[in-house]
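Asker: Build the 3D model from these lines:
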Amino acid sequence: SSSSSSSSSSMAGEMPYTLLRRGENGYQVRSYPGYVAAQVSSYSKRSEAWEQLGNYAAQVNIRPFAPSIMEIERRGGGGGGG
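Answerer: I've put the predicted structure just below:
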């Protein structure tokens with residue numbers, strides 16, 4: 001049975017979603033409504049990207065939501081990252 005959920009009181013808030021399925025081992029399949037996104041493309045550490053997003057959200061007076069979507073690009077050389 002599907003049910004709507006969104007009463008998280010986390011610091012950033014959580015986007016409303018519809019729970020489609022809950023697995024026996026704890027995973028959830030959720031459906032989220034359309035959304036507006038902001039993207040940071042120039043940073044060397046993940047913490048710099050979070051800071052840039054936070055500054056932007058404060059300037060335009062919006063409240064960031066969870067989840068945050070991150071794409072991690074693999075770079076040549078096979079090791080590490082940032």
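
Asker: Residue 20: what secondary structure?
Answerer: strand (DSSP: H, G, I helix; E, B strand; the rest coil).

Asker: Spatially central residue for the chain, please.
Answerer: residue 68 (0.9 Å; CA atoms, centre = their mean).

Asker: and the gap between that residue and residue 62?
Answerer: Distance of residue 68 to residue 62, given as CB to CB, to the nearest Å: 14 Å. Just so you know, the C-beta spots here come from the backbone N, C-alpha and C atoms, and that holds for glycine as well.

Asker: now swap in residue 16 and tell me
Answerer: Plainly put, residue 16 is 16 Å away from residue 62 if you go by CB to CB.

Asker: Of those two, which one has the most company?
Answerer: Taking neighbours as other CB atoms under 10 Å, residue 16 and residue 62 compare with residue 16 leading, 14 against 11.

Asker: now the strands for the protein?
Answerer: Ranges of strands in the chain, per DSSP state E, are 3-5, 17-22, 28-31.

Asker: hey, which of those strands is tucked in deepest?
Answerer: Neighbour counts (mean count of other CB atoms under 10 Å) averaged over each of these peak at strand 17-22, with a mean of 13.

Asker: That one packs against which elements?
Answerer: strand 3-5, strand 28-31 (3 or more CB pairs under 8 Å, 6 or more residues apart in numbering; DSSP states H and E).
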